[in-house]
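>>> predicted model and sequence below, questions to follow.
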Amino acid sequence: GVKWYDNTVGVITNSPPYPWHMDNLRNYPRFQRNDNGREGFKYSSLGDDYSLAPQWTGSGLLGLPGDYTSPSRFVKAATLLSLAPTPATTDDAIVQVFHHMNAADIPFGVIAKGLSGLTSFTWWIIVKDLGRGCVYYRSYTDLSVKRLCLDNIPDVKSAVRLEGRFKDGFRDTSGELKDFDTIVPD
């Protein structure tokens with residue numbers, strides 16, 4: 001049957017159960033925004049001390065799971081949500097949620113067909129704005145975000161095709177190219 005939990009982390013799951021995921025989060029206590037070990041790799045050789053400075057940022061999230069299993073996606077989503085700044089506006093929140101969802105997006109063909117014979121991939125992403133009564137979505141082949149506001153929809157049976165064509169999901173900006181100095185002032 002259906003079980004309801006007080007979702008304190010803000011991430012939902014179907015399997016394994018929510019309490020299992022919450023226990024699993026205990027295995028990842030050190031994720032942070034700031035880089036760990038910015039002093040670099042330190043070592044000694046033949047009586048001399050050395051330090052190799054890091055070449056990139058992001059070490060505060062070193063070890064963050066990146067595979068497509070349910071536990072890894074849960075840990076990644078919970079971590080991103082806990083470290084993200086609070087959005088200033090609803091529009092900022094919608095953009096942020098799409099970025100978080102993209103982090104768990106499964107590309108087609110990466111996961112083989114299972115017992116059901118179906119390939120597992122992210123068909124679409126939907127973000128609901130309950131305050132405005134709108135649904136924002138993007139599909140697998142059309143990555144542009146669309147909005148469907150439900151406040152003035154007639155009370156009749158209706159549908160929207162979620163899956164679009166790739167060529168319909170981008171805007172060619174070639175004709176908008178301008179001299180760099182006119183766009184970026186000194």
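Cool, the structure landed.

>>> from residue 88, how far off is the spatially most central residue of the chain?
Central residue of the chain (C-alpha atoms, centre = their mean): residue 100, 2.3 Å from the mean position. Per C-beta to C-beta, to the nearest Å, residue 100 is found 17 Å from residue 88. Every residue, glycine included, has its C-beta placed from N, CA and C.

>>> output the below-cut-off pLDDT ranges for the chain.
Applying pLDDT under 70 to the chain flags residues 36-39, 185-186.

>>> any chance you could map the helices in it?
Ranges of helices in the chain, per DSSP state H, are 18-24, 70-83, 90-102, 180-183.

>>> what packs against the last one?
In terms of contacts (3 or more C-beta pairs under 8 Å, 6 or more residues apart in numbering; DSSP states H and E), helix 180-183 is packed against no helix or strand at all.

>>> and stretch 17-35, end to end?
32 Å (C-alpha to C-alpha, to the nearest Å).

>>> quick one: buried residues of it?
18, 21, 22, 24, 25, 31 (16 or more other C-beta atoms under 10 Å).

>>> export the residues you listed as a markdown table, with columns for distance to residue 150.
Putting the buried residues of stretch 17-35 into a markdown table (distance: C-beta to C-beta, whole Å) gives the following:
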| residue | distance to residue 150 |
| --- | --- |
| 18 | 29 |
| 21 | 31 |
| 22 | 33 |
| 24 | 36 |
| 25 | 35 |
| 31 | 37 |
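
>>> just the closest of those to residue 141, please.
Proximity of the buried residues of stretch 17-35 to residue 141 (C-beta to C-beta) peaks at residue 21, which lies at 30.7 Å.

>>> dump the residue contacts of residue 42.
Listed by C-beta atoms under 8 Å, 6 or more residues apart in numbering, the contact set of residue 42 reads 49, 50, 51, 52.

>>> how far away is the third one from residue 79?
From residue 51 across to residue 79, the span is 29 Å (C-beta to C-beta).

>>> who has more neighbours, the two?
residue 79 (20 against 9; other C-beta atoms under 10 Å).

>>> surely the more buried one meets residue 62?
No: using C-beta atoms under 8 Å, residue 79 makes no contact with residue 62, being 11.8 Å away.

>>> any idea what residue 51 is bridged to?
residue 42 (DSSP bridges).

>>> brilliant, that's me finished.
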